[in-house]
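Engineer: give me a 3D structure for the following:
(one chain, ligands or ions: 1)
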Amino acid sequence: MKYISTRGGMDAATYSAILLEGLATDGGLVVPETMPRLSAEEIERLRGHNYAELATEILGLFATDIPREDLAEMCNATYSRENFVSADVVPLTAISSEISLVGLSEGPTLAFKDMAMQFLGQSLEYVLARSNRTLNIVGATSGDTGSAAEYALRGKHGIAVFMLSPQGRMSDFQRAQMYSLLDDNIHNVAVEGVFDDCQNLMKALFEDLDFKRAHHLGAVNSVNLGRISAQVVYYFWAWLRQTDGVAESERATSEVSFTIPSGNFGNILSGHFARAMGLPIRRLVLAANENNVLDELFRTGIYAPRGGADTFATSSPSMDVSKASNLERFVYDLLGRDSDRLNAAWRELSETGRIDLRAELPRFVEEFGIQSGTSTHADRVATIKSVFEQSGVLIDPHTADGVKVAREHLEPGVPMLVLETAKPEKFPEIVFEATGERIGVPERLEGLLELPQRVTKMANDEDELRKFVAEHAV
Ligand SMILES: *Cc1c(COP(=O)(O)O)cnc(C)c1O
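Structural biologist: Predicted coordinates for the structure are as follows:
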């Protein structure tokens, strides 16, 4: 299996090679040259596997240049009881006769990013060691992605992490989660400024190509194909568990639908991959919050990304995205995997601020099974309340966006699986507003707020950051 760029300007490369890169060398996104396909019998043969074994089988279709024993070892280390609280790794929980939650938040930072980031940590360390290289990850975070990356990369050989966060702008919980990591290779930098300042500092370092090369800078952002491939696994897992109770003769045709609380289109893109690989998925329903650029695209065929100033700060903050970085991979498939057509669409975007895909609109659902909907703060509150009343299960605001939109897309006889993207403990205020229930930190994180913290405070200053990175780089 080799990987090429959506924009057609990159030589085919191996999985190991692209694991270290964010974007393709021509500025496009990396995609498999051909999507692996599984027959119904091949999928059925995966049924007996535990999560780590299933991950080895699915990721083995993408990482064909990594020996199977090594991949199995990495998957065992990743999807272990040490990292994930549930014995199943990903438990399914019914909240009504039609809807079940797919529990993707059992990892160390209580959000679904752990599912892929933990694998990326293992595989990066492995690939770097084999090629005798080092990598210095520089990132900017307003909370969630940074902590998932740090928990995945702590203590890894040949890797250091420099995570910029805005001073005084994160919750006590988020600060404690990140700053209490005392590993030598984790460097938290609290910048005097807001999230955008952090992001601009990070960009300045990456644009300084001499500096970038000299210090082996890298990123682990949401377009990284290692992350996308690791997320494919739980779609297979969820389908297999959902159909465990179905008569054997009917399993192969037993379709389920998924609803995915979405921001950068990474999670749902992995569902699109799973469907293209042959998994019987009927619908992939995209749930947006008030930042509903993608819902607009799937309803009207017009893609019109918005800037930061037109992006609302909502109570499901991880979905506050108005320019979905992974969408290019879907548009590539939509346009027949034709780089010339894709490049024309992107030219249209830069010239007019939008892409007109109305001619393709019927194919969104007919060919790709994609539908969408929007949810607001009032919807989140009402949904958290009604799910709690009906099932006794507390959900977080992102998952609530999912359940709200899922309920609007139910079809008779088709189970609906909503991806739980975070734990309610991360968002106690809205849970209290909705249910009157006060939830504290989960048992396994008790005492977190009292742990010693290590952080380097820094002015919003490129040169100071350069000096710090150069001094601490591996
Ligand atoms: C990142 C995130 C999302 C959005 O996922 P994408 O892959 O960016 O679409 C949704 N919910 C939570 C809690 C997240 O952390």
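Engineer: when you work out contacts or count neighbours from here on, use the C-alpha atoms and nothing else.
Structural biologist: Fine.
Engineer: how about the residues of the stretch 251-400 of the chain near the ligand?
Structural biologist: Pro261, Ser262, Gly263, Asn264, Phe265, Gly266, Asn267, Ser318, Met319, His398 (CA under 6 Å from any ligand atom).
Engineer: does the second one touch Glu290 like I think?
Structural biologist: It refers to Ser262. No - Ser262 is beyond contact range of Glu290, at 11.5 Å (criterion: CA atoms under 8 Å).
Engineer: narrow the residues of the stretch 251-400 of the chain next to the ligand to those in helices?
Structural biologist: Using DSSP state H, the members of those that fall in helices are Gly266, Asn267, His398.
Engineer: let's have those residues in JSON lines, adding neighbour count.
Structural biologist: Formatted as JSON lines, those follow (neighbours: other CA atoms under 10 Å):
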{"residue": "Gly266", "neighbour count": "23"}
{"residue": "Asn267", "neighbour count": "23"}
{"residue": "His398", "neighbour count": "28"}
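Engineer: in the sheet, who's paired with the closest residue to the ligand within the stretch 101-250 of the chain?
Structural biologist: For the stretch 101-250 of the chain and the ligand, the shortest gap (CA to the nearest ligand atom) falls at Ala111, measuring 5.6 Å. Ala111 has these beta-bridge partners by DSSP bridges: Ala422.
Engineer: what about Gly307, neighbour count?
Structural biologist: 10 (other CA atoms under 10 Å).
Engineer: from what I see, it and Asp320 are in contact.
Structural biologist: No - Gly307 is not in contact with Asp320 according to CA under 8 Å; the separation is 11.3 Å.
Engineer: which residue ranges of the stretch 301-450 of the chain form helices?
Structural biologist: 327-334, 339-352, 361-366, 377-391, 397-407, 428-435 (DSSP state H, counting those that start in this stretch).
Engineer: what's the closest of those helices to Ala52?
Structural biologist: helix 397-407 (24.6 Å; CA to CA).
Engineer: got the angle for that closest one vs helix 377-391?
Structural biologist: Per axes from the mean of the first three to the mean of the last three CA atoms, to 10 degrees, the angle that helix 397-407 makes with helix 377-391 is 80 degrees.
Engineer: by contact count, what packs against helix 397-407?
Structural biologist: strand 256-261, strand 281-288, strand 370-374, helix 377-391, strand 416-420 (3 or more CA pairs under 8 Å, 6 or more residues apart in numbering; DSSP states H and E).
Engineer: off-centre distance for it?
Structural biologist: Mean-position distance between helix 397-407 and its chain equals 17 Å (CA atoms, centre = their mean, to the nearest Å).
Engineer: go on, stretch 382-396?
Structural biologist: So, by CA atoms, centre = their mean, the centroid of stretch 382-396 is 24 Å from its chain's centroid.
Engineer: how about stretch 229-237?
Structural biologist: On CA atoms, centre = their mean, the centre of stretch 229-237 falls 11 Å from that of its chain.
Engineer: try stretch 430-439
Structural biologist: With CA atoms, centre = their mean, you get 26 Å for stretch 430-439.
Engineer: return the set of buried residues in it.
Structural biologist: Ile430, Val431, Ala434, Thr435 (16 or more other CA atoms under 10 Å).
Engineer: now those in TSV, with distance to Ser96?
Structural biologist: Converted to TSV, those look like this (distance: CA to CA, whole Å):
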residue	distance to Ser96
Ile430	22
Val431	20
Ala434	19
Thr435	18
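Engineer: name the nearest of those residues relative to Arg45.
Structural biologist: Val431 (40.8 Å).
Engineer: got the contact list for the closest one?
Structural biologist: By CA atoms under 8 Å, 6 or more residues apart in numbering, the contact set of Val431 is Val381, Ile384, Leu394, Ile395, Asp396, Pro397, Pro424, Glu437, Arg438.
Engineer: ok, of the residues you listed, which come out buried?
Structural biologist: Buried, going by 16+ other CA under 10 Å: Val381, Ile384, Leu394, Ile395, Asp396, Pro397, Pro424, out of those.
Engineer: who's in contact with the last one?
Structural biologist: Right, the one you point to is Pro424. Contacts of Pro424 (CA under 8 Å, 6+ apart): Leu394, Ile395, Asp396, Pro397, Val431.
Engineer: and it, how far is that from Gly103?
Structural biologist: 12 Å (CA to CA, to the nearest Å).
Engineer: same deal with Ser97?
Structural biologist: On the measure of CA to CA, Ser97 and Gly103 end up 17 Å apart.
Engineer: the more surrounded of these two?
Structural biologist: Gly103 (24 against 8).
Engineer: list the beta-bridge partners for the more buried one.
Structural biologist: Glu420.
Engineer: residue ranges of each domain in this protein, please.
Structural biologist: 3-85+110-224+451-472, 92-109+229-435 (automatic domain parsing).
Engineer: can you give me the neighbour number for the nearest residue to Leu128 once chain neighbours are set aside?
Structural biologist: Excluding the flanking residues, the one nearest Leu128 by CA to CA, 6 or more residues apart in numbering is Thr134, at 6.1 Å. When neighbours are counted by other CA under 10 Å, Thr134 registers 21.
Engineer: redo the helices of the stretch 301-450 of the chain as JSON lines? Include mean pLDDT.
Structural biologist: Output for the helices of the stretch 301-450 of the chain, formatted as JSON lines (pLDDT from 0 to 100):
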{"stretch": "helix 327-334", "mean pLDDT": "96"}
{"stretch": "helix 339-352", "mean pLDDT": "96"}
{"stretch": "helix 361-366", "mean pLDDT": "96"}
{"stretch": "helix 377-391", "mean pLDDT": "98"}
{"stretch": "helix 397-407", "mean pLDDT": "98"}
{"stretch": "helix 428-435", "mean pLDDT": "95"}
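Engineer: just list the residues touching Gly271, thanks.
Structural biologist: Gly271 touches Val232, Tyr235, Leu284, counting by CA under 8 Å, 6+ apart.
Engineer: for the buried ones among the contacts of Val431, give me TSV that also has distance to Val30.
Structural biologist: Conversion of the buried ones among the contacts of Val431 to TSV gives the following (distance: CA to CA, whole Å):
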residue	distance to Val30
Val381	38
Ile384	37
Leu394	37
Ile395	34
Asp396	32
Pro397	31
Pro424	34
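Engineer: now Glu69: how far from Leu46?
Structural biologist: The value you get for Glu69 to Leu46, if CA to CA is used, is 17 Å.
Engineer: which one of those two has more residues nearby?
Structural biologist: Taking neighbours as other CA under 10 Å, Glu69 and Leu46 compare with Leu46 leading, 16 against 10.
Engineer: how close does the more buried one get to Arg154?
Structural biologist: 32 Å.
Engineer: and Leu410, by the same measure?
Structural biologist: Leu410 is 42 Å from Arg154, by CA to CA.
Engineer: same check on Lys467?
Structural biologist: 22 Å.
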